[in-house]
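Peer 1: give me the fold of what follows.
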Amino acid sequence: MRIVLLGAPGSGKGTQSRKLSEKYNVPQISTGDLLRAAIQAKTKIGKQAKTAMETGELVANDLVLELIEQRLQEADTKPGFLLDGFPRNIPQAQALDRLLDGLGRKIQIALNVHVEPRELMKRITGRLICANCGEIFNEYTRKPKTAGTCDACGESKLTKREDDNETLVKARLETYQAETEPLIVYYRAQQKLRTVKGSGKSDEITLKICDVIDADLRPLGARGSHAEPKAPEPIRIVLPPSAEEIAAAEEAKRKEEAKLEAERLKQEKKAEAERLRAEKKAAAEKAREEKRKLAEKKKIAAAKKKAADAIKKQKIAAKKKAAAEKKKKVIAKKKEMAKKKAEAMKKKKAAAALKKKKAAAKKKVTKKVTKKTTKKVAKKAAKKVAKKAAKKVAKKVTKKVAKKVSKKKAAKKTAKKAAKKKAAKKKRR
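Peer 2: Presented below is the predicted three-dimensional model:
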């Protein structure tokens, strides 16, 4: 079984997808889960998808289709698959059909879970999510047994998503109607569309969906396996038909076949007309999509330019501010230097005045000391001169005395020699 699930946000197609996956033992393939897994695994596709998402662009259809193709090559998809979240518009549906045609695994049913807009609004704006286990409750349709507490895990933290408000929900529903609802026409033209009302209890909706799937895809003996078995019909004895009855039956059969053929041709013409309308609408949708993408690119480019201009202005302003600050600092430095110079000059003048004062005081003291010293030196010199004169006189006197003494000694010596000579002369006689 190969099924595409369609439905507006809040229609419950995600819940039904999980239930059908468990019942029929086929994987639920969510493109959102595939992208998150690829980003987490840091694969080549994951890196490209992350780059697109970070720049605010839509992830390219080629990347999503490549992820789906890789997923369909896994063993668990052989019995079938449930596609949830893709395609979202006719160009994506056409690309998906081309991919699946190449794999020989065409979509069998496009299952549309229909819910009235008013109920969708209540479902989404009243949604409460358990922060621990992810169980979903609703303020209007499925209140927890104890207010603010999860029935499943007992966690007392039920939160609301930020985008689950009336304004954003209205915008999301309008986007769905504009982009995704044309898919209903597209799959109806292929005679693959099946619509199930998504109002009521979840299990009852699941039974309705199972009836549709069983009627279309499962063998006759397996259809309605979830319903109660019917009582066997009573055995009837039928007599062989006569020649007239056989001829009448054959004529009736021929007419019925002609009628069916006419109906088939009519349906084919209708389907062809629907297909042409769908293709025309798809082409218009593609043109709108391309126009929207171009507008989005222009918007992003304008935003980037605006951001770049803002950064440039900020840089220029920062440079001007830095220059002003620098100038301010230079002026302040000059003032500081002038102040320091003035203070240094003042100190220098004060030092010079002090030096002059000290020099004057020193000169005065020196003069006084010099005068005193001169007087003292003069007195000392006078004493020295007097002493020297006295010594000279004493030396002169001593010299005279010594001369006199020497003369006396010489006279005595001469007299003694004369006496000795006289005595010697006397003795010779």
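Peer 1: what about L158, how many residues nearby?
Peer 2: Look at L158: counted by other Cβ atoms under 10 Å, it has 20 neighbours. (C-beta placed from N, C-alpha, C; glycine too.)
Peer 1: mind listing what it touches?
Peer 2: The contact partners of L158, by Cβ atoms under 8 Å, 6 or more residues apart in numbering, come to L128, I129, C130, A131, F137, P144, G148, T149, C150.
Peer 1: for it, which non-adjacent residue is spatially closest?
Peer 2: Computed as Cβ to Cβ, 6 or more residues apart in numbering, the closest residue to L158 that is not its neighbour in sequence is L128, at 4.3 Å.
Peer 1: thought the one you found was touching Y140?
Peer 2: No - L128 lies out of contact with Y140 (Cβ atoms under 8 Å); the separation is 10.4 Å.
Peer 1: of those two, who's got more company?
Peer 2: L128 (19 against 12).
Peer 1: so the more buried one: helix, strand or coil?
Peer 2: Counting by DSSP: H, G, I helix; E, B strand; the rest coil, the backbone at L128 sits in strand.
Peer 1: residue contacts, it?
Peer 2: I136, F137, N138, E139, P144, L158, T159, K160.
Peer 1: what bridges to the residue nearest to L158?
Peer 2: F137 (DSSP bridges).
Peer 1: any idea how far it is from A8?
Peer 2: Noted for L128: a distance of 20 Å to A8, by Cβ to Cβ, to the nearest Å.
Peer 1: also Q190?
Peer 2: 21 Å.
Peer 1: of the two, give the one with the bigger neighbour count.
Peer 2: Taking other Cβ under 10 Å, Q190 and A8 do not tie; A8 has more neighbours (24 against 16).
Peer 1: sec struct for the closest residue to the more buried one other than its chain neighbours, please.
Peer 2: Spatial nearest neighbour of A8, excluding adjacent residues (Cβ to Cβ, 6+ apart): Y176 at 4.8 Å. Following three-state DSSP, Y176 is assigned to helix.
Peer 1: what about Y176, how many neighbours?
Peer 2: By the measure other Cβ under 10 Å, the count of residues near Y176 is 19.
Peer 1: do N138 as well
Peer 2: Residues within reach of N138, counting by other Cβ under 10 Å, total 16.
Peer 1: ok, it - contacts?
Peer 2: By Cβ under 8 Å, 6+ apart, N138 lies in contact with K122, R123, G126, R127, L128.
Peer 1: based on its surroundings, how many neighbours for the fourth one?
Peer 2: Each residue near R127 was counted by other Cβ under 10 Å, and the total is 21.
Peer 1: what's near enough to touch it?
Peer 2: G10, I136, F137, N138, K160, R161, D164.
Peer 1: and it, how far is that from G32?
Peer 2: Distance from R127 to G32, by Cβ to Cβ: 17 Å.
Peer 1: same question for the first one.
Peer 2: Computed as Cβ to Cβ, the K122 to G32 distance reads 24 Å.
Peer 1: so which of these two has more stuff around it?
Peer 2: Taking other Cβ under 10 Å, K122 and G32 do not tie; K122 has more neighbours (17 against 11).
Peer 1: show me what contacts the more buried one?
Peer 2: Per Cβ under 8 Å, 6+ apart, neighbours of K122: N138, Y140, T141.
Peer 1: of those, closest to A258?
Peer 2: Taking Cβ to Cβ as the measure, A258 lies nearest T141 of the contacts of K122, at 51.5 Å.
Peer 1: still on that earlier bit, of the contacts of L128, closest to K357?
Peer 2: T159 (88.4 Å).
Peer 1: ok, back up a step: highest neighbour count among the contacts of R127?
Peer 2: G10 (25 neighbours).
Peer 1: hmm, that one is touching E116, no?
Peer 2: No - counting by Cβ under 8 Å, G10 stays clear of E116, with 10.9 Å between them.
Peer 1: list residues touching both of those two?
Peer 2: Taking Cβ under 8 Å, 6+ apart as the contact rule, G10 and E116 touch no residue in common.
Peer 1: okay, helices next: where are they in the stretch 201-350 of the chain?
Peer 2: Applying DSSP state H, counting those that start in this stretch to the stretch 201-350 of the chain gives helices spanning 202-217, 243-428.
Peer 1: looking at the ones you listed, which is buried most?
Peer 2: Here the criterion is mean neighbour count by mean count of other Cβ atoms under 10 Å, and of these the winner is helix 202-217, at a mean of 16.
Peer 1: checking T195 next. Helix, strand or coil?
Peer 2: strand.
Peer 1: now the one 5 residues further on
Peer 2: Applying three-state DSSP to G200 yields a three-state assignment of coil.
Peer 1: what confidence value was assigned to it?
Peer 2: With respect to pLDDT, G200 scores 84.
Peer 1: before we move on, what about L83?
Peer 2: So L83 comes in at 93 (pLDDT).
Peer 1: quick check: it is in a helix.
Peer 2: No - in this structure, L83 is strand, not part of a helix, as judged by three-state DSSP.
Peer 1: what about the nearest residue to it once chain neighbours are set aside, how many residues close to it?
Peer 2: Computed as Cβ to Cβ, 6+ apart, the closest residue to L83 that is not its neighbour in sequence is V4, at 4.7 Å. As a burial measure, V4 scores 24 neighbours (other Cβ under 10 Å).
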